[in-house]
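Peer 1: Pasting a predicted model and its sequence here:
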Amino acid sequence: MTRFRAGPARNVKKRHHVVPGLEPLVDRIGAAPAVEAVIPGRIRPLERGAAPSVTFQYRTESGFKLLGRAGGAVQEIFVVTGEPEEALRWCVQAGLVEPLRGGRDDTGR
């Protein structure tokens, strides 16, 4: 397992590909104080290109899910943490994750 977590961003699992342009953001999210792990997930194509950005989607049992957009792709990013509110707040304040919009709370509802 540790062979996929080498380098300065040890909290980011690098077994799967990370969309070009998102890797610096994913590495910085993995360095957040309350984050235990970051697991890049499924990649899907976008109809049009996008500047690198990460948005909150919803809470999970082990933390929360983000969506990263860059170039012509969108990627699921799972964040594992025992303190999801603190980790999400840190990511938003650091400018890594776009703040919640549309009146949704941190559960994504």
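Peer 2: Sure thing, it's come through.

Peer 1: now the helices for the protein?
Peer 2: All helices of the chain, identified by DSSP state H, fall at 23-30, 84-93.

Peer 1: Show me the contact partners of stretch 43-62.
Peer 2: 17, 19, 21-22, 25, 29, 64-78, 80-81, 84, 88, 91, 96-98, 100, 106-108 (Cβ atoms under 8 Å, 6 or more residues apart in numbering). In short, each C-beta sits where N, CA and C put it, glycine included.

Peer 1: In it, which residues are buried?
Peer 2: By 16 or more other Cβ atoms under 10 Å, the buried positions in stretch 43-62 come out as Ser53, Val54, Phe56, Arg59.

Peer 1: With distance to Leu46 and pLDDT as extra columns, can I get those in a markdown table?
Peer 2: Listed next are these as a markdown table, based on distance: Cβ to Cβ, whole Å; pLDDT from 0 to 100:
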| residue | distance to Leu46 | pLDDT |
| --- | --- | --- |
| Ser53 | 11 | 93 |
| Val54 | 14 | 95 |
| Phe56 | 18 | 95 |
| Arg59 | 25 | 94 |
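
Peer 1: chain center to stretch 62-77, what's the gap?
Peer 2: 6 Å (Cα atoms, centre = their mean, to the nearest Å).

Peer 1: what mean pLDDT does that stretch have?
Peer 2: In this model, stretch 62-77 carries a mean pLDDT of 94.

Peer 1: how about it: buried residues?
Peer 2: For stretch 62-77, by 16+ other Cβ under 10 Å, it's Gly63, Phe64, Lys65, Leu66, Leu67, Gly68, Arg69, Ala70, Ala73, Val74, Gln75, Ile77.

Peer 1: if I pick Lys65, what's in contact with it?
Peer 2: Lys65 makes contacts with Phe56, Gln57, Tyr58, Arg59, Glu76, Ile77, Phe78, Val79, as judged by Cβ under 8 Å, 6+ apart.

Peer 1: do that again at 10 Å, thanks
Peer 2: Shown in contact with Lys65 (Cβ atoms under 10 Å, 6 or more residues apart in numbering): Ile39, Gly41, Phe56, Gln57, Tyr58, Arg59, Glu76, Ile77, Phe78, Val79, Gly108.
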